[in-house]
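J.: Sequence first, then the predicted structure:
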Amino acid sequence: MDLIPEARRGAVDEALRSAFGAQAADAWRPISGGVSGALILRFEVAGRDRVLRLEPERIARGHRQRHYDCMAAGAEAGAAPAVHYADARSGVAIMDFVAGQPLETYPGGRVGLARALGELTARVRAAPPFPAMDYPQVCATLLRRLERSGILAPGLLAPHAEGLARIREALPWDAGALVSSHNDPNPRNLLFDGERLWLVDWELGASNDPLADLAILTYELAEGPELEAALLTAAFGRPPDRPMLARLEVIRLLTRLFYAVVVLENFKVGPDGPETTLDAFTPEDFRAAVKDGRLASGAQETAYAFGKMSLAAFLDGVRAPGFAAALEAVR
């Protein structure tokens, strides 16, 4: 219990009583990872391991409620570990603990994993509708906010604003076609228990384009035509056609921009003034730098590099030879 801030211990005690009828728990151990700032602890109660999550005080109650509602719905749909307690007022949640194994050990290799990921997103889509989000509009709002923050030199984001405007003009956005989405299924939020996959950390849960989660999965876990085809076929029960692949390409760019602005808006202007260049790692080089330890997982330096990399990846996609054709295909 010493790991829990004293001011939050009463809320944790209440959660334990409500969820398990227990007065105390044992073997509190921190779980590292994630950039939300939440305190995440593994503990034992009634002979089983669970996870306690304490949201930062700065997270608004409405955001906590959306997060918890999406997490509970994901658990009901079989996509998230069981939720035993979630109270938005106190920011306390308790879930089942899942002992993760490396995703690389999933049966069937990368193709088998891609298929399983597609099936996992289908479970999320089948959940009751999450709160709706106009993803392109959110990207535009956050991009303007980042422009005004002073973190980046004036005009540095003008090409991004132009690219986003082209996407918004071409991409139909039907609120009635949105589906429940995790919106952050990166490898750090995926657990393989030796038999199946689970999604954790539902802070960004909302209804979104049916391809949003799948687009993010193509960053690292389902790269290239073969794995994309396996992923999409498992997700929708049919092989992807050209319009689907074109929309995937466009939605992938939106997710790159979203990640960039969400991460970078958390930084302040450095002592040397605004950033004057967007020179950055490529996605491949970024992953290699994290893997070999040049960038430490969870460090501020790594988050900043990820934000710049995402901005660069968005711009590279907008400037790619096939971008205009993809836009034409989704109109």
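T.: That came through, no problem.
J.: Per the annotation, how does the protein divide into domains?
T.: 6-96, 99-133+175-238, 135-172+241-331 (automatic domain parsing).
J.: what's the most buried one of the ones you listed?
T.: domain 99-133+175-238 (a mean of 19; mean count of other CB atoms under 10 Å). C-betas here are computed from N, CA, C, even on glycine.
J.: end to end, how far does that domain reach?
T.: 32 Å (CA to CA, to the nearest Å).
J.: mind listing the strands in the stretch 1-150 of the chain by residue range?
T.: Under the criterion DSSP state E, counting those that start in this stretch, the stretch 1-150 of the chain contains strands at 26-30, 39-45, 48-54, 83-87, 92-96.
J.: Tabulate the ones you listed (CSV), appending distance to Gly270 and mean pLDDT.
T.: Formatted as CSV, the strands of the stretch 1-150 of the chain follow (distance: least, CB to CB, whole Å; pLDDT from 0 to 100):
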stretch, distance to Gly270, mean pLDDT
strand 26-30, 30, 88
strand 39-45, 28, 93
strand 48-54, 30, 95
strand 83-87, 38, 97
strand 92-96, 35, 97
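J.: Could you dump those strands into a markdown table and include distance to Glu162?
T.: A markdown table is the format used below for the strands of the stretch 1-150 of the chain (distance: least, CB to CB, whole Å):
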| stretch | distance to Glu162 |
| --- | --- |
| strand 26-30 | 44 |
| strand 39-45 | 40 |
| strand 48-54 | 40 |
| strand 83-87 | 41 |
| strand 92-96 | 41 |
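J.: closest one to Ala72 among those strands?
T.: Ala72 lies closest to strand 83-87 among these, at 4.9 Å (CB to CB).
J.: between that closest one and strand 48-54, how many degrees?
T.: With axes from the mean of the first three to the mean of the last three CA atoms, to 10 degrees defining the directions, strand 83-87 sits at 20 degrees from strand 48-54.
J.: what inclination does strand 83-87 have with respect to strand 92-96?
T.: Using the same axes, to 10 degrees: strand 83-87 against strand 92-96 is 170 degrees.
J.: Residue ranges in the stretch 101-250 of the chain under the pLDDT threshold?
T.: Filtered on pLDDT under 70, the stretch 101-250 of the chain yields no residues whatsoever.
J.: What segments of it are helices?
T.: With DSSP state H, counting those that start in this stretch, the ranges of helices along the stretch 101-250 of the chain come out as 109-125, 135-149, 158-170, 212-217, 224-236, 242-264.
J.: Other residues contacting the shortest one?
T.: If you take CB atoms under 8 Å, 6 or more residues apart in numbering as the criterion, helix 212-217 is touched by 114, 117-118, 121, 124, 135, 181-186, 222, 231-232, 235, 248, 251-252, 254-255.
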